[in-house]
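Student: fold the following for me, if possible:
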Amino acid sequence: MLSFRAFSYSMLVQIYAKRYVPGTANSQLGVPLRLDDSFDAIPRNTVDEVYTQINNDLTSALTLLTGKTRADKSHFNVNVIKGLMARVALTQGRYPEAATFAKEARAGFTLMNNTTYKAGFNNFSNAEWMWGYKPTEVTSDFFGNFMAYMSRNYNSSQIRQAPKVMNRLLFNKFPATDVRTQVVDPTGAHTALALPTTYSKFPYTSQKFLSTNNAGATDNSTSLGDIPFMRAAEMYLIEAEALARSSQDGPSKIVFNEFEKNRNPAYAGAATIGAAYVEEIMNSRRIELWGEGFRFLDLKRLNLPLDRTGANHSSVVTNNLLTVPAGDKRWTWLLPQAEIDASQGLVIQNEL
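Tutor: Next up is the predicted model:
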């Protein structure tokens with residue numbers, strides 16, 4: 001319960017509140033902290049108060065789970081808790097702690113090889129996956145499943161008409177020897193998948209995610225496929241970033257070079273320094289975690305703008321929204337009206 005609460009609040013406060021600003025009081029409004037089963041009206045807590053509770057919950061969960069085993073990767077364990085602690089520390093700018101937690105979190109999990117990387121990101125028995133979810137036909141939501149939206153092969157109108165496309169400017173930052181470019185087709189044809197003619201073909205579509213059947217084979221007729229929540233790759237990148245932002249380029253490069261060499265056997269090692277090196281890490285993080293839900297949160301935590309200019313985005317799909325400045329009110333989502341209606345204490349809405 002503590003683990004789920006900490007994870008849930010960490011997502012809620014990042015989405016529905018202004019960003020956590022390291023070194024400040026963070027007295028901006030966060031989300032209400034419901035810590036009991038009462039129905040009393042409660043107001044919005046501050047961002048600082050929410051993060052204090054998140055860290056307290058994670059610390060308590062770590063104590064309770066130490067020495068415990070789990071049935072499968074859909075459950076929390078010590079590694080996952082430390083992974084969450086690494087994420088939270090990174091968001092709060094507590095970089096030395098983020099690096100330590102990330103290194104400890106990935107202990108026992110090895111990076112996948114390039115063949116496995118191209119297998120479809122659909123099997124949580126993958127040695128690199130630390131935490132994930134395995135939908136089955138019994139628990140399937142069919143068109144609401146992750147693979148019904150993000151896979152390249154499921155036979156749904158979403159996949160046929162609007163396949164997910166990588167930003168070509170990001171794609172072009174990496175060589176063909178990098179396996180992460182090998183799951184993206186610049187032509188969009190994906191001839192190896194033998195997609196039916198009813199599937200739209202757009203340049204730079206990704207086949208990182210492929211839907212499967214109960215036997216584990218890729219399958220157009222089901223939207224099944226395990227969903228990654230946390231992988232060792234993320235922990236490598238958190239550690240590398242956190243060390244680099246702590247002015248420890250040397251130790252950071254040991255971690256980063258090991259990771260990059262796995263993804264790109266031709267990688268010669270990071271030659272950049274300072275801000276340019278941090279940018280190299282962030283680009284790697286961006287392509288590595290593509291489609292797994294991190295880009296928005298990364299831009300927000302670092303107070304960076306969104307800039308899609310010069311890329312391959314459809315003006316129809318983006319509603320002509322190609323840029324959003326750092327700090328813009330649109331980085332903070334509006335609270336759902338249903339939540340406001342259901343809570344007597346939730347009376348202050350975010351800026352519209």
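Student: can you give me the neighbour number for Trp259?
Tutor: Wrong residue type there; residue 259 is Phe, not Trp. As a burial measure, Phe259 scores 21 neighbours (other Cβ atoms under 10 Å). Placement of C-beta: from N, CA and C, glycine included.
Student: kindly report the same for the one 10 residues further on.
Tutor: By other Cβ under 10 Å, the residues close to Gly269 number 9.
Student: out of everything not next to it in sequence, what's closest to it?
Tutor: The shortest distance from Gly269 to any non-neighbouring residue, by Cβ to Cβ, 6 or more residues apart in numbering, is to Asn257 (4.9 Å).
Student: any idea of the pLDDT on Ser315?
Tutor: pLDDT recorded at Ser315 is 76.
Student: then Ser246?
Tutor: 97.
Student: again with Val78
Tutor: Val78 is given a pLDDT of 98.
Student: isn't it up against Leu64?
Tutor: No: taking contacts as Cβ atoms under 8 Å, Val78 lies outside contact range of Leu64: 9.9 Å.
Student: between the two, which one's more packed in?
Tutor: Val78 (20 against 15).
Student: Ser125 versus the more buried one, what's the distance?
Tutor: Between Val78 and Ser125 the distance is 20 Å, computed by Cβ to Cβ, to the nearest Å.
Student: let me see the ranges of the strands in the stretch 1-150 of the chain.
Tutor: 129-133 (DSSP state E, counting those that start in this stretch).
Student: ditto for the stretch 201-350 of the chain
Tutor: Under DSSP E, counting those that start in this stretch, the stretch 201-350 of the chain gives strands at 205-206, 227-231, 306-307, 323-324.
Student: mean neighbour count, distance to Ser74 and mean pLDDT for those - can I get that in TSV?
Tutor: Output for the strands of the stretch 201-350 of the chain, formatted as TSV (neighbours: other Cβ atoms under 10 Å; distance: least, Cβ to Cβ, whole Å; pLDDT from 0 to 100):
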stretch	mean neighbour count	distance to Ser74	mean pLDDT
strand 205-206	22	25	96
strand 227-231	23	9	97
strand 306-307	15	33	95
strand 323-324	12	35	96
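Student: now these in CSV, with distance to Leu237?
Tutor: As requested, the strands of the stretch 201-350 of the chain are exported to CSV (distance: least, Cβ to Cβ, whole Å):
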stretch, distance to Leu237
strand 205-206, 19
strand 227-231, 10
strand 306-307, 20
strand 323-324, 24
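Student: returning to what we had before: correct me, but the residue nearest to Gly269 touches Arg263?
Tutor: No: contact between Asn257 and Arg263 fails when scored by Cβ under 8 Å: they sit 11.0 Å apart.
Student: so those two - more neighbours on which side?
Tutor: Arg263 (22 against 15).
Student: residue contacts, that one?
Tutor: 114, 117, 178-180, 284, 288 (Cβ atoms under 8 Å, 6 or more residues apart in numbering).
Student: of these, keep whichever come out buried.
Tutor: 117, 178-180, 284, 288 (16 or more other Cβ atoms under 10 Å).
Student: any chance of the residues you listed in TSV, with pLDDT and distance to Asn55 too?
Tutor: Output for those, formatted as TSV (pLDDT from 0 to 100; distance: Cβ to Cβ, whole Å):
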residue	pLDDT	distance to Asn55
Tyr117	98	33
Asp178	98	36
Val179	98	36
Arg180	98	32
Ser284	98	27
Glu288	98	26
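Student: tell me how the protein divides into domains.
Tutor: Here the domain assignment for the chain is 2-109+229-302+311-342, 135-225, based on automatic domain parsing.
Student: from the buried ones among the contacts of Arg263, pick the one nearest Arg231.
Tutor: Closest approach to Arg231 among the buried ones among the contacts of Arg263 (Cβ to Cβ): Glu288, at 8.7 Å.
Student: run a quick neighbour tally on the nearest residue to the closest one once chain neighbours are set aside.
Tutor: Leaving out its chain neighbours, the residue that sits closest to Glu288 by Cβ to Cβ, 6+ apart is Ala233, at 5.5 Å. When counting by other Cβ under 10 Å, one arrives at 25 neighbours for Ala233.
Student: over to Thr218?
Tutor: Look at Thr218: counted by other Cβ under 10 Å, it has 19 neighbours.
Student: how about it, what does it touch?
Tutor: 120, 122, 153, 193, 210-212.
Student: buried ones only from the residues you listed, please, as a ChimeraX command.
Tutor: Selecting in ChimeraX just the buried members of those, where the criterion is 16+ other Cβ under 10 Å, is done with this command:
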select :120,122,153,210,211,212
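Student: among the contacts of Thr218, which one lies nearest to Ser140?
Tutor: Taking Cβ to Cβ as the measure, Ser140 lies nearest Ser211 of the contacts of Thr218, at 10.8 Å.
Student: quick check: the closest one vs Ala242, distance?
Tutor: For Ser211 relative to Ala242 (Cβ to Cβ), the value is 35 Å.
Student: swap in Gly274?
Tutor: 15 Å.
Student: settle it for me: which of the two has more neighbours?
Tutor: Ala242 (27 against 10).
Student: picking that back up, return the closest of the contacts of Thr218 with respect to Gly293.
Tutor: Distances from Gly293 to the contacts of Thr218, taken by Cβ to Cβ, are shortest for Asn122, at 16.3 Å.
Student: burial count for the residue lying closest to the closest one once chain neighbours are set aside?
Tutor: Nearest non-adjacent residue to Asn122, counting by Cβ to Cβ, 6+ apart: Gly225, 3.5 Å away. By the criterion of other Cβ under 10 Å, Gly225 has 28 neighbours.
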